[in-house]
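*Asks:* dropping a prediction and its sequence here:
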Amino acid sequence: MTELSDTITFLGTAGARFVVTRQFLASGGAWLNLGNTQILLDPGPGSLVQAAKRKFDPVKLDAIMLSHRHLDHSGDINIMIEAMTEGGTKKRGTVFAPSDALDQDPVILSYLRSYAQNIQVLAEGGSYKINDISFRTPVRHKHPVETYGFVFQTPRHTFSWITDTRYFEDLAGHYAGDLLIINVVRLKPGAPLDHLSLPEAKDIIKELKPRIVILTHFGMTMWRARPWELARELSAETRIQVIAAKDGMKFDLAQLD
Ligand SMILES: [Zn+2]
């Protein structure tokens, strides 16, 4: 019997409008391989293409998850539901999304909803299960639409993902884990205020002291400043290993052991 592993593959690292619309970086979300469970998180524009390019099979997905309805996170969710269910011929998989992704001006088309085995609405303080994986959505983020981050627990690892939000007091406190992934759109704080900036990410890292940090979801100012160099500086300043995600990067959580 082969030993089970947990890996995260970045099908894209683009954040916010310009980096996404010009595809300076890809915007396909992340493919989580957690033991025998496969989850697609935030399938933005190009997710289907990126998944195919990286040889991931949507038919093997157990779940598709949406942190929030903005297009850079949800652009390909419908086609990925279709792919997961083989065009609706096999009723399978769970779709997790905040209520406003399903209710008003929904980003998940009504006719596809019966294709999935299950649609679960994410809410503040919720806990959810997919096979032997559990995850929580501890707090509603400060973002123009209903948005959640995640704390995942596998039989082997705990990791957190702080998705889009403006900084707020006690944000960090909700996201303890061995590995912390942070969406860092901006190099410097300032307008638009709905996203985290690098100095805010640094404060969060210093407060939480995870084993390893991965930065992703880069806006134009971060991308221009070379995320891998910023990550190296942040590692030196915080004495915590900080990695800048790259398109196609596969991170094995065994690095935390
Ligand atoms: Zn957003």
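*Replies:* Happy to help now that I have it.
*Asks:* give the contact list for whatever residue of the stretch 1-150 of the chain ends up closest to the ion.
*Replies:* Proximity of the stretch 1-150 of the chain to the ion (Cβ to the ion) peaks at His70, 3.6 Å away. Heads up, the C-betas are built off the backbone N, CA and C, glycines and all. Neighbour list for His70: Val145, Asp164 [criterion: Cβ atoms under 8 Å, 6 or more residues apart in numbering].
*Asks:* next one: the residue nearest to Thr158 when sequence neighbours are not counted relative to the ion, how far apart?
*Replies:* Computed as Cβ to Cβ, 6 or more residues apart in numbering, the closest residue to Thr158 that is not its neighbour in sequence is Gly177, at 4.5 Å. From Gly177 across to the ion, the span is 22 Å (Cβ to the ion, to the nearest Å).
*Asks:* quote the end-to-end distance of stretch 186-197.
*Replies:* Using Cα to Cα, to the nearest Å, one end of stretch 186-197 lies 4 Å from the other.
*Asks:* that one and the ion in contact?
*Replies:* No - judged by Cβ under 5 Å from the ion, stretch 186-197 stays clear of the ion, getting no closer than 6.9 Å.
*Asks:* the residue most central in space within the chain pairs with what?
*Replies:* In the chain, the C-alpha nearest the mean C-alpha coordinate belongs to Leu41, at 5.1 Å (Cα atoms, centre = their mean). When bridges are called by DSSP bridges, Leu41 pairs up with Ala30, Met65.
*Asks:* residues in contact with it?
*Replies:* Per Cβ under 8 Å, 6+ apart, neighbours of Leu41: Gly29, Ala30, Trp31, Leu32, Met65, Ser67, Phe150, Trp161.
*Asks:* the residue nearest to Thr158 against Ser160, yeah?
*Replies:* Yes - between Gly177 and Ser160 there is a contact at 3.9 Å, judged by Cβ atoms under 8 Å.
*Asks:* so the two - more neighbours on which side?
*Replies:* Ser160 (23 against 20; other Cβ atoms under 10 Å).
*Asks:* buried residues in the helix or strand harbouring the more buried one?
*Replies:* According to DSSP states H and E, Ser160 maps onto strand 158-162. Buried positions in strand 158-162, judged by neighbour count with 16 or more other Cβ atoms under 10 Å: Phe159, Ser160, Trp161, Ile162.
*Asks:* interface residues of the protein facing the ion?
*Replies:* His70, Asp164.
*Asks:* rerun at 8 Å
*Replies:* Taking Cβ under 8 Å from the ion as the contact definition, the chain meets the ion at 16, 68, 70, 72-73, 143-145, 147, 163-164, 194-195.
*Asks:* go through those residues and name the one nearest Glu207.
*Replies:* Of all the residues of the chain next to the ion, Thr163 has the smallest distance to Glu207: 17.8 Å, by Cβ to Cβ.
*Asks:* so that closest one makes contact with Ser67?
*Replies:* Yes - under the criterion of Cβ under 8 Å, Thr163 makes contact with Ser67 at 3.9 Å.
*Asks:* okay, and the common contacts of those two?
*Replies:* Asp42, His73, Thr147, Tyr148, Gly149, Phe150.
*Asks:* give me the subset of these lying in strands.
*Replies:* Phe150 (DSSP state E).
*Asks:* got the shared contacts of Thr163 and Ser67 as CSV, with neighbour count columns?
*Replies:* CSV is the format used below for these (neighbours: other Cβ atoms under 10 Å):
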residue, neighbour count
Asp42, 28
His73, 30
Thr147, 24
Tyr148, 28
Gly149, 24
Phe150, 24
